[in-house]
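>>> Build me a model:
(one chain, ligands or ions: 2)
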Amino acid sequence: MRDITTDTITEAAQQSWAQAEDPRLRHVLQRLVHHLHAFVRDVEPSHAEWLAAAEFLWRCGRICDEKRNEFALLSDVLGVTSLVDLMNAAPGATIGSVLGPFYSDDSPTVPLGADLSKDNEGDVVLLTGIVRNLEGRPISGAIIDMWQTNAAGTYATQDPAQPDENLRCKQVCNADGRYAFTTVAPGPYTIPLDGPVGALVERTGRSPWRPAHFHFIVRADGHRSLVTELFFPDDPHVDSDAVFGVREPLVRAPRPVVQGEPLRVPLQRPPGRRLDFDFTLVPVTG
Ligand code: BEZ
Ligand code: FE
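Ligands and ions are numbered 1, 2, ... in the order given. Predicted structure coming up:
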């Protein structure tokens, strides 16, 4: 098209992708053009503002490396990561939540009843429960992959002062589908503030905090892997998570362990409190 005007440019830009062979890619690109143009028509940015936006994205790119993806963080603070998670939720499964950037696949596999609290500060908490299928039956051999911060809100994978494998583990559930380990309660922390996304959050007066949480990936053969988190109701940041990861069913208070109560598995270390949480996985379809 030769006569490009504000009236014709959106259609022209959409049409320019019409030859894309992959129908899904074609659809996504054409809808992206549609929504981006609508955004620009709505916001009416000046040249200087549009350049500032491009420079912001350039700064995001400049700070990325093998371990850091500032664009993922941008998606997190805009609520897009959580929207995608929520839209892809499997009916009947435990609700998912964000993966975040601090997961590492190489956590040590520990036996049932293991203690992760070791020399970390904080009360010893038993984390235990059963991994079930949609029918409520335990899934023997399901794998729990857990990672968390220490009480100061720092992950081992970002803190050279902690042992490399601190406060993270994989555990194979027993014949009853049960997992159980003792640990300490994690602390809240802020999203990374040394990059353009953190600067934007701070400049706009938004809270940069994530409420304290345990992260989990739960896997089992023939089932959809579940990425989720657990939060605490008394956390000061539970209603203002910077990345919108909190879901009501994932907010749980540990309770004191009553002397003599059955703990179901032998534990390496006696806990003061316990948090019981069962996970439900759905079968892989298709
Ligand atoms: C996390 O929970 O590890 C996390 C998630 C999103 C952004 C930053 C951290
Ligand atoms: Fe986290």
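>>> Point out the residues in this structure that sit beside ligand 1.
Contacts of the chain with ligand 1, taken as Cβ under 6 Å from any ligand atom, map to Leu73, Asp76, Val98, Gly100, Pro101, Phe102, Ile191, Arg210, Val243. (C-beta placed from N, C-alpha, C; glycine too.)
>>> Now the chain against ligand 1: closest residue?
Gly100 (2.6 Å; Cβ to the nearest ligand atom).
>>> Where do the strands of this structure begin and end?
Taking DSSP state E as the test, the strands found in the chain are 114-115, 124-132, 143-148, 168-172, 178-184, 189-190, 209-210, 213-219, 226-231, 255-256, 273-276, 279-280.
>>> Which one of the residues of the chain next to ligand 1 sits in the busiest neighbourhood?
Counting neighbours by other Cβ atoms under 10 Å, the top entry in these is Arg210, with 27 neighbours.
>>> need the contact list for it.
Pro188, Tyr189, Thr190, Ile191, His237, Asp241, Ala242, Val243, Gly245 (Cβ atoms under 8 Å, 6 or more residues apart in numbering).
>>> wait, which of those residues is closest to Val131?
The shortest approach to Val131 among the contacts of Arg210 belongs to Gly245, at 20.9 Å (Cβ to Cβ).
>>> Can you read off the pLDDT for the closest one?
On pLDDT, Gly245 comes in at 98.
>>> how many other residues sit next to it?
As a burial measure, Gly245 scores 23 neighbours (other Cβ under 10 Å).
>>> and the gap between Asp234 and Thr81?
Relative to Thr81, Asp234 is positioned 25 Å away (Cβ to Cβ, to the nearest Å).
>>> Between these two, which is the more surrounded one?
When neighbours are counted by other Cβ under 10 Å, Asp234 and Thr81 differ, and Thr81 comes out ahead with 21 against 9.
>>> Next up, the contacts around that one.
Ala72, Ser75, Val98, Val243, Phe244.
>>> and if we set it to 7 Å?
Contact partners of Thr81, counting by Cβ atoms under 7 Å, 6 or more residues apart in numbering, are Ser75, Val98, Val243.
>>> Output the residues you listed as CSV; include the columns distance to Pro254.
Compiled in CSV, the contacts of Thr81 are given as follows (distance: Cβ to Cβ, whole Å):
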residue, distance to Pro254
Ser75, 31
Val98, 22
Val243, 23
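>>> Out of those residues, which is nearest to Arg24?
Checking these against Arg24 by Cβ to Cβ gives Ser75 as the nearest, at 19.6 Å.
>>> What is the neighbour count of that closest one?
Residue neighbour count, defined by other Cβ under 10 Å, stands at 18 for Ser75.
>>> cool, the one 5 residues further on as well?
If you count neighbours by other Cβ under 10 Å, Val80 ends up with 13.
>>> For it, report the pLDDT, please.
Per-residue confidence (pLDDT) for Val80: 98.
>>> ok, now Arg168?
For Arg168, pLDDT reads 98.
>>> now Asp3
Turning to Asp3, the model gives it a pLDDT of 89.
>>> So what does it have for phi and psi?
Main-chain torsions, Asp3, degrees, to the nearest 10: phi -90, psi 80.
>>> tally of neighbours for it?
7.
>>> what's the distance between it and Ser16?
15 Å.
>>> one step back: looking at the residues of the chain next to ligand 1, which is nearest Leu167?
Distance to Leu167, by Cβ to Cβ, is smallest for Phe102 among these, at 10.8 Å.
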